[in-house]
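Undergrad: Pasting a predicted model and its sequence here:
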Amino acid sequence: MPFNFPIFLTWLRVALIPVFIGLFYLPSSMLADAARNQIGTLIFALAAITDWLDGFLARKWGQTSAFGAFLDPVADKLIVAAALILLVDLERTWAWLAMVIIGREITISALREWMAQLGEHKSVAVAYVGKLKTAAQMIAVLLLLFDAPLVAGVNTRLLGNIFMVLAAVLTLWSMGYYLKMAAIQMRTQKNQDEVLDR
């Protein structure tokens, strides 16, 4: 198993998950709610930054690896899923939104694994709509974790849930896109196999 600084950052993101979750279940006598929200927001923001930074450094330093390519999306999905379940438990967002987003991640991960086994992993490579989904999702989670008025009295819970609904819509859109690309590739593969069988 390779180990370098980008992979260290990815493992750090995984290690932050129990710290992040545990923070919200500390007794109020140990940590005030406002401080809990602020620290939780900072931890999730740090995780989001390392998600970008580990990939950037791996490419820049020529330290990309198959293991890093596997671990990075797993770490990303774990902390996002943990944050969504936490927000549902804290009653800051709706369970159906979390289910849509987490369900999509499981479906697309399985699809990518299957396509990789067929040697067609590029057919389900990250598309622009997927990046938009991720951006909306990250903004939503950060706002809902912070859960306090911003400048001009902006209601972060309302705004966060608007972004969460947007993320869910983009989630379904991107899932449809990936399934369509995979279906096209499967039809192409089937036609090629039929030609070879003749």
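TA: Everything's here; your move.
Undergrad: residue ranges of the helices in this protein, please?
TA: 5-23, 33-60, 66-89, 95-117, 128-146, 156-197 (DSSP state H).
Undergrad: What residues sit buried inside the fourth one?
TA: I take that to be helix 95-117. 97, 98, 100, 101, 102, 104, 105, 108, 111, 112, 115 (16 or more other C-beta atoms under 10 Å). In this view, the C-beta of every residue, glycine as well, is placed from N, C-alpha and C.
Undergrad: Let me know the angle separating it from helix 156-197.
TA: 30 degrees (axes from the mean of the first three to the mean of the last three C-alpha atoms, to 10 degrees).
Undergrad: among the helices of the chain, which is the most enclosed?
TA: Stretch with highest mean neighbour count among the helices of the chain: helix 128-146 (a mean of 20; mean count of other C-beta atoms under 10 Å).
Undergrad: Rebuild the helices of the chain as a markdown table, extending it with mean pLDDT.
TA: Below are these laid out as a markdown table (pLDDT from 0 to 100):
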| stretch | mean pLDDT |
| --- | --- |
| helix 5-23 | 93 |
| helix 33-60 | 92 |
| helix 66-89 | 91 |
| helix 95-117 | 85 |
| helix 128-146 | 91 |
| helix 156-197 | 82 |
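Undergrad: Most widely separated two among the buried residues of helix 95-117?
TA: Farthest-apart pair in those is 97 and 115; separation 27.1 Å (C-beta to C-beta).
Undergrad: Need phi/psi at residue 93.
TA: Backbone torsions of residue 93, given as degrees, to the nearest 10, read phi -150, psi 180.
Undergrad: For it, grab the count of nearby residues.
TA: For residue 93, the neighbour count with other C-beta atoms under 10 Å is 20.
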